[in-house]
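In: quick one, what's the 3D model for this:
(2 chains)
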Amino acid sequence: MALRLILGIALAVLVVHTATAQPGPDHLRLIAPAAPGGGWDQTARVMQAVLQGAGLVRTSSVENIPGAAGTIGLARFVSAERGNGDVLMLSGLIMLGAVVTHQSPVTLREVTPIARLLGEYEVVVVPAASSIRSLADLVDVFRARPESVSWGGGSAGGTDQILAGLFADAVGVSPSRVNYIAFSGGGESLSAILGGQVTVGVNGLAELAPHIEAGSVRPLAISSAERLPGLDVPTFQEQGVDVEIENWRSVVAPPGVSAAERERLDRVVEAMVRSPQWQDALVRYRWNDRYLAGTAFARFAAAEEARVEGILARLGTGAGARGEAAAPLGRYPLFVLLGLAVSALWSARGMMRAQRPPAETPVSTEVVTGRRGAVALVVLAAAIDVLLLERAGFIVASAALFWITARAFDATRPVRDAAFALGISVACYVVFVRWLDLSLPAGMLAGWL
Amino acid sequence: MPETLRLLAEGFAGAMTWPHLAWAFAGVTLGTAVGVLPGIGPALTVALLLPVTFSLDPVSAFIMFGGIYYGAMYGGSTTSILINSPGETASIITAIDGHMMARKGRASAALTTAAVGSFVAGTLATLGLTFFAPLLASVALSFGPAEYFSLTLVAFTTVAVLLGASLARGLFSLFLGLGLGLVGIDQLTGTARFSFGIPQLLDGIDVMILVIGLFAVGETLHQAWRHGQDEGDMVALREFSWMSRDDWRRSWRPWLRGTAIGFPLGVLPCGGSVIPTVVSYMVERRLSKRPEEFGQGAIEGVAGPEAANNASAAGVLVPLLTLGLPSSATAAVLLTAFQQYGLQPGPLLFSTRPDLVWTLIASLYIGNAMLLVLNLPLAPLWARVMLVPRSLLFGSILVLASVGAYSLNRSLLDVAILYTVGAIGWGMRRLDIPLVPAVLGLILGPLAEQQFRRAVAISEGDYAVFLARPISAALLIAAAAVFVLPLWLRRPRGAVAP
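Out: Numbers count the residues shown, from 1 in each chain, chains lettered A, B, ... in the order given. Below is the predicted model:
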């Protein structure tokens, strides 16, 4: 779709898409249940490029639905996309963990599994200047005083923390004694590792590989079962620590798709992973090819779900961190709430004492009522917008919002305002949905748009 | 250094052909156009426009990236100035004095100082990137959680100049923002706080929603309330003057200072591009001979922060190119784009693919110049937005605000929160409670808390860590100085005067 945008600007040079033997739907939507920049978003955007480049679909788009490690996207996918055969969502090990951690009411059992696509191994590293030279050193230090070892990694309850917990368990230390420092995002944790701010770093191989090659970090162990070719990093297993984990990613379809649609999605994903473009991408991003489709994938996912639930329960993270009722309020939230109350009272006292300076409102009372009406109109417009947005669709709701708001400022030209209201709503819809691929509810006009 | 110059020249040679310049122009135009839309921040803008580059050869694609990146960073200031509705967090500060300038008929001057300031800052910061990237990156690595916590405290002190007329009300606004920042998953433990069992609240309240709600929706309600009362304010609008000589004289120092503040703070990932803009605003106000003009349309209050946010955009590229560390969401998207071409930014990139790196850096200079060429002639045209009838203008603002809020997470709840925040924003305007401290509280509160707890966890509960580490201690002293010195030197002027 964005292609159309650039075509309008420079009618030139673009590659002609070969429409021969296109097995997929005309337009395939990919949902990344995360913000731009994360692993799922990255995978979705690579898929988009491969699908279009290999001519498997005519166009493809990526939509981001971020929130709570993918569980918001999952809930939305199950409810809003039910029965749609032209959409796939990215999923994987992290989502299994998040469903447990955030006690998501919607689980991955409700979607239609399509295929596992790829996997990434985890590496444990120390800064190049660290006195820890090997995994054996780390085990010694860790056993002697577990809390003195700070582990830097990604968000709480994710693969990095699971690995740290598995390690503790394997060397006979209670996983709850792991001093895990959660950073938001790979970049932040990586800079803490490179800067020697933490004792040990846990991260995906793809992020760490350039730093291992450059010698700025020292790898201690990789979470694969066997050594990877071309990478001189020993596994946990060969150093006598029984830890093995792979962060896999998959695609799923909504619940309630027909058998024919499911088969079509299966075919397009299979054609994608067989394409040379995908194989190139695997090498480029250092992903392991883990294509597994159909019932085999469904069985694998079920087994992983059981494993993750077990691990998280033992770790005392995630499900162990339980609901908010169980967690006592920390000192910081108390400080903030207290500050809010004190400053509110203090301000209120100041205002009472000042008794509202009369100079500030020199206007007569008649105008006051008139303006109150204007504010009420804007409030009404907002309320109608919230009520109608998903029921009647964006265009209807926004036109109403615009028109009523305009009434609050100038009630003399209702027809002109109505024309503008409709024009601007339609223009917004076209720009956001047709050009930018950001979906807005079509509502009652769905058939026409 | 001569080696760097030679490589840079080669980069320019690769970039300076007519088709490449056309791609740069297309990138800048698209980046600005999409960046202007509220709720679509730079990260999403770049992500949305990436597919456009899929079918291009790497050099053209990189040139377009440069344009899109700077264009997206630039887009937000226009709506801040014209309609008091920042398109992204980096231009909140611009709204304060920029919009006051626009209401006094000086929209063109405000837009011009923003455009020229962005160009000056972008170019100088790109020079910094060209020559000092590896050095700066190694300094950035010496910042751990303790240093970042102390840095957030320094940023908190800037709130002092934004508190407005009453200390109590300013603090109330700040604590309101801090309180909103408590909502959502606690990053360090994965536990939910104050989310009341609503899954959409698990990720907290988006800063964009707070910004669009307080400013755009709040402003609409406020204008509806006052409509017909202050038409007098709008008299001078027929005048579309560019910057006067006096404007130039008052702008050039803030541009340079903004660059000096923005670039290093961009290299250090700390709360995104909003921190450099507030720090710049505080510095300009403290140094100004006419601090009373701040908040009433002081051009320095636009020139400094606008330069700072563009310089920080270039600063973000330092850790990205030299270490492969994406320190912002936008940088993470750019990282994906690099990998699309088989490039792994990081310690080895400069030696493995110098041709592409230098072409990219050259294209940043070009994109910056293009941005100026594009936006200077547009400034007087944009300024005419101020002549659109209020009814149509505020109707459009509300529609765009709701699109922006909805498209963030595709959640109706976000739209409802937007309007609620808008009503609060109107109430705050009525009671003369400043808005900006609330936004800073929401951004800085969670950062300060997380970094503090990380630092203490790493030191195994030893609170002395903040004073034991030299950089952290120096920052703490700086934070204390910002508070104490003005009180000491003369009677409080910056904090309590209007």
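In: can you say which helix or strand has whichever residue of the stretch 201-350 of chain B sits closest to chain A in it?
Out: Nearest to chain A in the stretch 201-350 of chain B, going by CB to the nearest CB, is residue B:332, at a distance of 2.8 Å. Where C-beta positions appear, they are placed from N, C-alpha and C, glycine not excepted. Using DSSP states H and E, residue B:332 falls within helix B:329-340.
In: in the next helix or strand after that helix, what counts as buried?
Out: Next in sequence after helix B:329-340, counting helices and strands by DSSP H and E, comes helix B:349-352. Under the neighbour-count criterion of 16 or more other CB atoms under 10 Å in any protein chain shown, helix B:349-352 has B:349, B:350 buried.
In: is any part of the helix or strand just after helix B:349-352 close to chain A?
Out: Where DSSP H and E defines the elements, the next helix or strand beyond helix B:349-352 is helix B:354-383. No: Helix B:354-383 is not in contact with chain A by CB under 8 Å from any CB of the partner chain; minimum separation 13.3 Å.
In: what's the answer for stretch B:57-65, then?
Out: No: Stretch B:57-65 stays clear of chain A (CB under 8 Å from any CB), getting no nearer than 8.8 Å.
In: for that stretch, buried residues please.
Out: Buried, per 16+ other CB under 10 Å, within stretch B:57-65: B:58, B:59, B:60, B:61, B:62, B:63, B:64, B:65.
In: now do the same contact list for residue A:272.
Out: Residue A:272 makes contacts with A:47, A:50, A:51, A:54, A:56, A:278, as judged by CB atoms under 8 Å, 6 or more residues apart in numbering or on different chains.
In: dump these to CSV, plus distance to chain B, secondary structure and pLDDT.
Out: As requested, the contacts of residue A:272 are exported to CSV (distance: CB to the nearest CB, whole Å; DSSP: H, G, I helix; E, B strand; the rest coil; pLDDT from 0 to 100):
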residue, distance to chain B, secondary structure, pLDDT
A:47, 12, helix, 91
A:50, 10, helix, 89
A:51, 11, helix, 89
A:54, 12, coil, 85
A:56, 14, coil, 86
A:278, 13, helix, 91
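In: any idea how far the residue of the stretch 201-350 of chain B closest to chain A lies from residue B:323?
Out: Per CB to CB, to the nearest Å, residue B:332 is found 13 Å from residue B:323.
In: residue B:217 too?
Out: 40 Å.
In: how about the secondary structure of residue A:60?
Out: strand (DSSP: H, G, I helix; E, B strand; the rest coil).
In: same thing with residue A:219?
Out: Residue A:219 ends up strand, using three-state DSSP.
In: what is the burial count for it?
Out: 20 (other CB atoms under 10 Å in any protein chain shown).
In: repeat that for residue A:306.
Out: Residue A:306, neighbours per other CB under 10 Å, totals 10.
In: so which strand or helix has it?
Out: Per DSSP H and E: helix A:294-315 holds residue A:306.
In: list the buried residues for the helix ranked longest in chain B?
Out: Determined from DSSP state H, the single longest helix within chain B is helix B:107-141. Neighbour counts over helix B:107-141 (16+ other CB under 10 Å) mark B:107-130, B:133, B:136-137, B:140-141 as buried.
In: could you list the low-pLDDT ranges of the stretch 51-200 of chain B?
Out: Along the stretch 51-200 of chain B, the model assigns pLDDT under 70 to residues B:54.
In: flag every residue of it that's near chain A.
Out: B:51-52, B:54-56, B:140-145, B:166, B:168-169, B:171-172, B:174-176, B:178-179, B:181-182, B:185-195, B:199-200.
In: before we move on, back to that, average pLDDT across the helix or strand just after the helix holding residue A:306?
Out: Downstream of helix A:294-315, the next assigned helix or strand under DSSP H and E is helix A:331-354. The average pLDDT within helix A:331-354 is 87.
In: list the helices and strands helix A:331-354 packs on?
Out: Counting contacts by 3 or more CB pairs under 8 Å, 6 or more residues apart in numbering or on different chains; DSSP states H and E, helix A:331-354 is packed against helix B:167-181, helix B:436-458.
In: just the CA trace of that helix, in PDB.
Out: Taking C-alpha atoms only, helix A:331-354 is exported to PDB below (Å, rounded to 0.1, in the frame of the first residue of the first chain):
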ATOM      1  CA  ARG A 331       7.800   3.200  49.000                       C
ATOM      2  CA  TYR A 332       7.800   5.100  45.700                       C
ATOM      3  CA  PRO A 333       4.100   4.800  44.900                       C
ATOM      4  CA  LEU A 334       3.300   5.800  48.500                       C
ATOM      5  CA  PHE A 335       5.500   8.900  48.100                       C
ATOM      6  CA  VAL A 336       3.800   9.900  44.900                       C
ATOM      7  CA  LEU A 337       0.300   9.400  46.200                       C
ATOM      8  CA  LEU A 338       1.200  11.400  49.300                       C
ATOM      9  CA  GLY A 339       2.700  14.100  47.300                       C
ATOM     10  CA  LEU A 340      -0.400  14.300  45.100                       C
ATOM     11  CA  ALA A 341      -2.600  14.600  48.100                       C
ATOM     12  CA  VAL A 342      -0.500  17.300  49.800                       C
ATOM     13  CA  SER A 343       0.000  19.400  46.700                       C
ATOM     14  CA  ALA A 344      -3.700  19.200  45.900                       C
ATOM     15  CA  LEU A 345      -4.700  20.400  49.400                       C
ATOM     16  CA  TRP A 346      -2.000  23.100  49.300                       C
ATOM     17  CA  SER A 347      -3.200  24.400  45.900                       C
ATOM     18  CA  ALA A 348      -6.900  24.300  47.000                       C
ATOM     19  CA  ARG A 349      -6.000  26.300  50.100                       C
ATOM     20  CA  GLY A 350      -4.200  28.900  48.000                       C
ATOM     21  CA  MET A 351      -7.200  29.200  45.700                       C
ATOM     22  CA  MET A 352      -9.700  29.500  48.500                       C
ATOM     23  CA  ARG A 353      -7.600  32.200  50.000                       C
ATOM     24  CA  ALA A 354      -7.400  34.100  46.700                       C
END
